[in-house]
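Trainee: Any chance you could fold what I've pasted below:
(2 chains)
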2 protein chains.
Amino acid sequence: MASSLLTRQLAISLQQNLRLAAPGSRYVSKTATKTVSEFEYDAPSMKTAVPGPKSQELLRQLGEIQNVGAVHFFCNYEESRGNYLVDVDGNRMLDVYTQISSIPIGYNHPALIKVMTNPNNVSAFVNRPALGILPPENFPDKLFESLLSIAPSGMSRVQTMACGSCSNENAFKSMFIWYRNKERGYASPSEQEVGTCMINQKPGCFVLSCLAATHSKAIHKLDIPSFDWPIAPFPKLQYPLEEFVRENAQEEARCLEEVEDLIVKWRQKGRPVAGIVIEPIQAEGGDNHASPDFFSKLRNIARKHGCAFHVDEVQTGGGTTGKFWAHEHWGLDDPADVVSFSKKLLTGGYYHRDELQPDKPYRIFNTWMGDPSKNLFLLEVLNVIRRENLLEEVTRSGKALLQGLYALQTQYPHILSRARGQGTFCAIDACNDATRDSIMLKARNKGLFMGSCGEKTIRFRPALVFKEYHVHQLLNILNDILAEHK
Amino acid sequence: MASSLLTRQLAISLQQNLRLAAPGSRYVSKTATKTVSEFEYDAPSMKTAVPGPKSQELLRQLGEIQNVGAVHFFCNYEESRGNYLVDVDGNRMLDVYTQISSIPIGYNHPALIKVMTNPNNVSAFVNRPALGILPPENFPDKLFESLLSIAPSGMSRVQTMACGSCSNENAFKSMFIWYRNKERGYASPSEQEVGTCMINQKPGCFVLSCLAATHSKAIHKLDIPSFDWPIAPFPKLQYPLEEFVRENAQEEARCLEEVEDLIVKWRQKGRPVAGIVIEPIQAEGGDNHASPDFFSKLRNIARKHGCAFHVDEVQTGGGTTGKFWAHEHWGLDDPADVVSFSKKLLTGGYYHRDELQPDKPYRIFNTWMGDPSKNLFLLEVLNVIRRENLLEEVTRSGKALLQGLYALQTQYPHILSRARGQGTFCAIDACNDATRDSIMLKARNKGLFMGSCGEKTIRFRPALVFKEYHVHQLLNILNDILAEHK
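Mentor: Numbering: from 1, shown residues only, chains lettered A, B, ... in the order given. Okay, here's the model as predicted:
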């Protein structure tokens, strides 16, 4: 039953090779703005509290296999459409979290279903290659058409990976290899270096550092061995940014000074910093923004000290800030040496400048090195973004969303503060974590599914097909909850 | 043109929902053994040297984007079938490397194409969920039917991951969490621990060690920061094992003694060993085997010292040794605390005993945590393995292959030695790396594609559909090359 709608859609797509008519899905009422796709539902529709009885039964079953403490509910992905996520109890929610920001153009987009039903693509799904040794015929073409067509400024090279953590890990490796080669004057490594690296010792495993200006939650890190790498503070700004220009500039100057101090100190300790890693908006850490001026100066510090500059766009990339890459907002010609991605790009990976390409094969290597079937989906996502002008849509919706959040925090200053955002990549703080959690649960039961980050922040991560029409739905639900909030 | 065959196949599959008739593929001659599927080609067929002109042109193109030093040639996956990999120049090779051992039932298996064309599965491909927070309705069912139906002895829990390195990394994390919880007496972590882990310092980031009994090549490790973890020697045995029982038992005893010494020494240094990691056959390191007695004693050492015992089955798992898990050959009731997998399982992940489940959510977490579409393929692979009795086939083919390798090394003792294997997971050493590489290149040009490992080893990693018929093709080609070898 659950899959009947999709089955019919697939049959239509296969037989007629037409855009889907989505039989059975509800049409938008005449009064709604016509920018809403006919493919989508028109509003949330709730049947039970969430998680409902079916989700609870499935939670019990999955609990026999895994820790399910993080599971919100179980989903009926077949019935989900565009911005609306349907759960197994038949609840339809406006989804502004989108699988931790990883659904680029909404659920079951007809264009993606067509990718699946194109016979030319079948082989890419059933024969996953070891891309590093035996790439498929169309691999260079598909890379040029997809990832390289959106390459950040100054970057002509890209390496795919299976997920976000592999992407960052291998990007770090590239930076270390680059840095050591530079230090060695591009000579071959010594026999001693080759020998010692096999037993995890110096000088083969040189003690380098990666200055990471981003970190997430303790629960992810407790008890796990970690590298002793320096961590610099990310600026803690006041919002709206334009009202606190002077204060924020001071805070950014303080952080930049500390970054440079750390680089110098660690070099003196005999542990030079090979690279600086930064998110354009520090996401998991609580949606912290910084000015283009800050990033420009940080990039210059990296250059001055010979460190690689790695911009982690895993969460910010893919159009959600209104530009394809969030770092484009900085307006720099040479914004980075490495840019990593995943999530909305559907494949993980990283771009890098020519100099960061490893000089030898197998230095960056694993069995799969990505998945070409994900590149096929990405290519179609990019087509949809261009065809439907989704970056403009994001800018428009984002403006409406941020204005709405400003209005809410003005109306409920004891509950909400620090509304901030770029495109639809928005966030707002609650007065404390209990209030934040309570608002989120109430919203979910009214058909609005949001995410959290940092200590008391609500984050908005809608798909790129999130339109002003959906913004108003979101704000109406939030307003209802806040009005009832004691 | 390249995809025409598959297009027709797909059309047939869709319209008639029948097993594929593979129009256009060559049928096995009447004289060939009838165990060869009609779906497959009957023999290699070479048109150019490899890489041919089309591969060379594509290498040039891809070289503008990536280091292509490890790329052998470009493949036409649409035209590849079963054990035969077809390249872009129309060369058809018997593939006994199978994408670094990651193609379980051969190329374009009709059963996998049916998974693609089943409308109920479309949603799993186009809506990749964040499995840790919003799993699909059928997720527990599919886990029970696929991964849990093949769970190693004593293991009822499984965590999927996107690739092999994420699988091992998160398995390590589970062991560290388990070990520290045990040390803490299962009390909550202190505030100091929570605080310090965020800055990568003690005691939050406790200095634990993972005794890694496996390592690969220097090129993967040079210049990359690594944990200062103890590494124990893997036994270097003499082959055939049954002819060197006494000598090998001594070597294994030496290694076991060293493992225990390391555990004691590192504990005295204040760095207790949380876990021991071992491959049942040390693969990348040169296909090194050890006896069931060795593994049984190593497992006891882990138990005695309170270390978790992690069996890395990324390369050995999935049936290639004649049992689904290579560690089943040890005959132990309680063989491991953690078993990791990837490659032939199509999804990465790891099984673990109940005690190793993290007590809190988000301790093992990332955005995707696997990919449910891969579970669908795995389920079908398991069906095929059972239906076609592929483990028996592997045992039969493996025996023929190993006997053939013994015969070759007897005939060419100045070139080949140390033939060894379990199931079709076989290897043989050349007299030096140059000879090994030369044999492999000549074999490729005659239509036999093999892999290498260690310093001078040829490794055989055919798919599970590799039959005695294919063994004889392989041996004939090798024999021709060795006869010509100066």
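Trainee: any chance you could map the strands in the stretch 101-250 of chain A?
Mentor: A:157-161, A:209-212 (DSSP state E, counting those that start in this stretch).
Trainee: Of those strands, which shows the lowest average pLDDT?
Mentor: In terms of mean pLDDT, the lowest-scoring of those is strand A:209-212 (a mean of 67).
Trainee: ok, the closest residue to chain B within the stretch 1-150 of chain A - contacts?
Mentor: Taking CB to the nearest CB, chain B has its nearest neighbour within the stretch 1-150 of chain A at A:Gly69, 2.8 Å off. (C-beta placed from N, C-alpha, C; glycine too.) Contacts for A:Gly69 (CB atoms under 8 Å, 6 or more residues apart in numbering or on different chains) come out as B:Lys360, B:Pro361, B:Tyr362.
Trainee: In PyMOL, how would I select the buried members of these?
Mentor: Applying 16 or more other CB atoms under 10 Å in any protein chain shown to those leaves a buried subset, and the PyMOL line that selects it is:
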select buried, chain B and resi 361+362
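Trainee: What is the nearest of the contacts of A:Gly69 to A:Leu147?
Mentor: B:Tyr362 (30.3 Å; CB to CB).
Trainee: and the gap between the closest one and B:Met175?
Mentor: Look at B:Tyr362 and B:Met175: by CB to CB, to the nearest Å, they are 18 Å apart.
Trainee: Now A:Leu482: closest residue in space that isn't a chain neighbour?
Mentor: Excluding its sequence neighbours, the residue lying closest to A:Leu482 (CB to CB, 6 or more residues apart in numbering or on different chains) is A:Tyr412, at 4.8 Å.
Trainee: For A:Leu405, see how far away that neighbour is.
Mentor: For A:Tyr412, the distance to A:Leu405 - CB to CB - is 11 Å.
Trainee: which of those two has more neighbours?
Mentor: Neighbour count, other CB atoms under 10 Å in any protein chain shown: between A:Tyr412 and A:Leu405, A:Leu405 has more, with 24 against 18.
Trainee: ok, that one - contacts?
Mentor: A:Leu416, A:Ala419, A:Gly421, A:Cys426, A:Ile428.
Trainee: Least confident secondary structure element in chain A?
Mentor: helix A:4-16 (a mean of 44; mean pLDDT, DSSP states H and E).
Trainee: After that helix, which helix or strand is next?
Mentor: Moving toward the C-terminus from helix A:4-16, the next helix or strand (DSSP states H and E) is helix A:53-63.
Trainee: elements contacting the next helix or strand after that next one?
Mentor: Once helix A:53-63 ends, the next helix or strand along the chain (criterion: DSSP H and E) is strand A:84-86. Using 3 or more CB pairs under 8 Å, 6 or more residues apart in numbering or on different chains; DSSP states H and E, the elements in contact with strand A:84-86 are strand A:92-95.
Trainee: Output the below-cut-off pLDDT ranges for the stretch 201-350 of chain A.
Mentor: Low-confidence segments of the stretch 201-350 of chain A (pLDDT under 70): A:201-221.
Trainee: Let me know how buried the residue nearest to A:Glu79 when sequence neighbours are not counted is, in neighbour terms.
Mentor: Spatial nearest neighbour of A:Glu79, excluding adjacent residues (CB to CB, 6+ apart): A:Val86 at 4.2 Å. For A:Val86, the neighbour count with other CB under 10 Å is 21.
Trainee: A:Val86 touches A:Leu94, doesn't it?
Mentor: No. Between A:Val86 and A:Leu94 there is no contact under CB atoms under 8 Å: 11.2 Å.
Trainee: Look up how far A:Ala308 lies from A:Trp325.
Mentor: 17 Å.
Trainee: same thing with A:Phe324?
Mentor: 22 Å.
Trainee: Who has more neighbours out of those two?
Mentor: Regarding A:Phe324 and A:Ala308, a neighbour count based on other CB under 10 Å identifies A:Ala308 as having more, with 27 against 21.
Trainee: which ones are touching the more buried one?
Mentor: A:Met175, A:Trp178, A:Tyr179, A:Ala274, A:Gly275, A:Ile276, A:Ala302, A:Asp337, A:Val338, A:Leu356.
Trainee: Run through the bridge partners of it.
Mentor: Note on A:Ala308: beta-bridge partners by DSSP bridges are A:Gly275.
Trainee: any idea how chain A splits into domains?
Mentor: Per the TED database, the structural domains of chain A span A:53-108+A:390-484, A:119-387.
Trainee: The residue in the stretch 351-486 of chain A positioned nearest to chain B: which element?
Mentor: Closest contact between the stretch 351-486 of chain A and chain B, by CB to the nearest CB, is at A:Pro361 (2.9 Å). Using DSSP H and E, A:Pro361 sits in no helix or strand.
Trainee: Identify the residue spatially nearest to it, adjacent ones excluded.
Mentor: B:Gly69 (2.9 Å).
Trainee: pLDDT weak spots in the stretch 1-150 of chain A?
Mentor: Answering for the stretch 1-150 of chain A: the residues below the bar, that is pLDDT under 70, span A:1-38.
Trainee: returning to what we had before: from the contacts of A:Gly69, which single one is nearest B:Ala130?
Mentor: When the contacts of A:Gly69 are compared against B:Ala130 (criterion: CB to CB), the nearest one is B:Tyr362, at 12.1 Å.
Trainee: got a pLDDT number for that closest one?
Mentor: Model confidence at B:Tyr362 (pLDDT) stands at 89.
Trainee: A:Ser80 versus the residue nearest the centre of chain A, what's the distance?
Mentor: Nearest to the geometric centre of chain A sits A:Gln315, at 2.0 Å (CA atoms, centre = their mean). To A:Ser80, A:Gln315 is 22 Å away according to CB to CB.
Trainee: how many other residues sit next to A:Arg386?
Mentor: When neighbours are counted by other CB under 10 Å, A:Arg386 comes out with 11.
Trainee: now A:Glu393
Mentor: 21.
Trainee: How about the secondary structure of it?
Mentor: Here A:Glu393 is helix, with the state taken from DSSP: H, G, I helix; E, B strand; the rest coil.
Trainee: Grab the nearest non-local neighbour of it.
Mentor: Closest to A:Glu393 by CB to CB, 6+ apart is A:Lys467, at 6.2 Å.
Trainee: Equivalent analysis for A:Arg418, please.
Mentor: In space, A:Arg418 is closest to A:Asp429, 4.3 Å off (CB to CB, 6+ apart).
Trainee: correct me, but that neighbour touches A:Leu416?
Mentor: Yes. With contact defined as CB under 8 Å, A:Asp429 reaches A:Leu416; the gap is 6.9 Å.
Trainee: Check the gap between A:Glu392 and B:Glu191 for me.
Mentor: 48 Å.
Trainee: which residues sit in contact with the closest residue to A:Ala427 other than its chain neighbours?
Mentor: Distance criterion CB to CB, 6+ apart; nearest residue to A:Ala427, sequence neighbours excluded, is A:Asp287 at 3.6 Å. A:Asp287 is in contact with A:Ile281, A:Arg420, A:Gly421, A:Phe425, A:Cys426, A:Ala427, A:Cys453, A:Gly454, A:Thr457, A:Arg459, counting by CB under 8 Å, 6+ apart.
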